[in-house]
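what's the 3D shape of this:
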Amino acid sequence: MSDARELARLISVSRRAVVFTGAGISTESGIPDFRSPGGVWSRMRPITYQEFVGSREMRREAWRRTFSGLAGWTGASPNVGHQAVARLLAAGPVSVVITQNVDNLHQDAGAPPDRVIELHGNASYAKCLGCAVRHEIEDLRPRHERGDDLLCACGGLIKTAVISFGQAMPEFEMMKASEEARACDLFLVLGSSLVVYPAAGLPLLAKECGARLAIVNREPTEQDALADFVLHAEIGPVMTEVMGRLAL
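Numbering: from 1, shown residues only. The predicted model follows:
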């Protein structure tokens, strides 16, 4: 696979690379994406942040979806794409992984949590909207089944740690992701359609600051013409070949 050889070369000569992942890396683990036919939002309307905060009924529905696993964002296992990213982090050429995904699969594959920047949050736990304390989702199930409104000890609403439509992007994570994009010499996109902003602006920022841009995605993206390397393919087979060539 000559394309994999070229991608391996780009990684091998990089001193500080960033990996940016989207839904395409996790669909190979059976996790549905958001927008394609059959994706999450074609099966159910998203509950906005304002609806969650403003309506107990909508909070009940949001938690019903969480406890039923209806969205399908949790419970899967990492695939070879996630494992490859974790190995690149451990070996050194990759400084961080910036992800649009909420499935925790990078961490499950062995990526250190402090080197995973989650732009859209995490579906595997919950947080208080008031004091930001973490709550484990299964600990909340009995209260949900009793019909309680899920409130923190501080009185704040508890919500899954996913960033909902209408909710502000996390300031620290966006700042850190921007810093990493500016500092890298290779920005590798794996499985993102690059249509959701402000996250999709990060590859452009990296490119403007002198980094090479590589994109591996099943479908074309609007940024393909700007990239130094583009491959339309499944992530798993490509990264398996790349890791074999890097001998990591």
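
Domain boundaries for the chain, per the record?
Domain assignment for the chain, taken from automatic domain parsing, gives 1-31+77-120+169-248, 32-72+121-162.

Helices along this protein, start to end?
Along the chain, counting by DSSP state H, helices occupy 2-12, 23-26, 40-43, 49-54, 56-68, 80-91, 105-108, 137-145, 171-183, 201-208, 235-246.

Out of these, which is closest to residue 128?
Closest approach to residue 128 among those is made by helix 137-145 (11.3 Å; Cβ to Cβ). Just so you know, the C-beta spots here come from the backbone N, C-alpha and C atoms, and that holds for glycine as well.

For this structure, which residues score under the pLDDT cut-off?
Low-confidence segments of the chain (pLDDT under 70): 1, 33-43, 71-72, 248.

repeat that for 90
Within the chain, the ranges that satisfy pLDDT under 90 run 1-2, 30-46, 68-76, 92-93, 247-248.

Give me the angle between the lengthiest strand in it and helix 56-68.
Assignment by DSSP state E gives strand 121-128 as the longest strand of the chain. Compare the direction of strand 121-128 with that of helix 56-68 by axes from the mean of the first three to the mean of the last three Cα atoms, to 10 degrees and you get 130 degrees.

Name the nearest residue to the most centrally placed residue in the chain, sequence neighbours excluded.
Central residue of the chain (Cα atoms, centre = their mean): residue 101, 2.2 Å from the mean position. The shortest distance from residue 101 to any non-neighbouring residue, by Cβ to Cβ, 6 or more residues apart in numbering, is to residue 26 (5.4 Å).

What of residue 3?
residue 231 (4.8 Å).

Beta-bridge partners for the one you found, please?
Note on residue 231: beta-bridge partners by DSSP bridges are residue 216.

so how far is residue 157 from it?
43 Å (Cβ to Cβ, to the nearest Å).

Please apply the same query to residue 63.
Distance from residue 63 to residue 157, by Cβ to Cβ: 11 Å.

Neighbour count for those two, which is higher?
The neighbour comparison of residue 63 against residue 157 (other Cβ atoms under 10 Å) goes to residue 63, with 24 against 17.

got the contact list for the residue nearest to the more buried one when sequence neighbours are not counted?
Once flanking residues are discounted, residue 63 sits nearest to residue 144: 5.1 Å by Cβ to Cβ, 6+ apart. Neighbouring residues of residue 144 by Cβ atoms under 8 Å, 6 or more residues apart in numbering: 60, 63, 64, 67, 150.

please redo it, this time with the cut-off set to 7 Å
63, 67, 150 (Cβ atoms under 7 Å, 6 or more residues apart in numbering).

which one among those residues gets closest to residue 245?
Scanning the contacts of residue 144 for proximity to residue 245, where the rule is Cβ to Cβ, the winner is residue 67, at 43.7 Å.

doesn't residue 143 make contact with that closest one?
No. Residue 67 is beyond contact range of residue 143, at 10.8 Å (criterion: Cβ atoms under 7 Å).

Could you check how far residue 201 is from residue 174?
From residue 201 to residue 174 the distance is 10 Å (Cβ to Cβ).

One more: residue 106?
Counting by Cβ to Cβ, the gap from residue 106 to residue 174 is 18 Å.

before we move on, what about residue 74?
Residue 74 is 24 Å from residue 174, by Cβ to Cβ.

next one: residue 105
According to Cβ to Cβ, residue 105 stands 21 Å off from residue 174.

quick one: contacts for residue 184?
Taking Cβ under 7 Å, 6+ apart as the test, what residue 184 contacts is 16, 17, 18, 95, 206, 211.

In space, what's closest to residue 196 - neighbours in sequence excluded?
Using Cβ to Cβ, 6+ apart and skipping the chain neighbours, the partner closest in space to residue 196 is residue 100 (6.7 Å).
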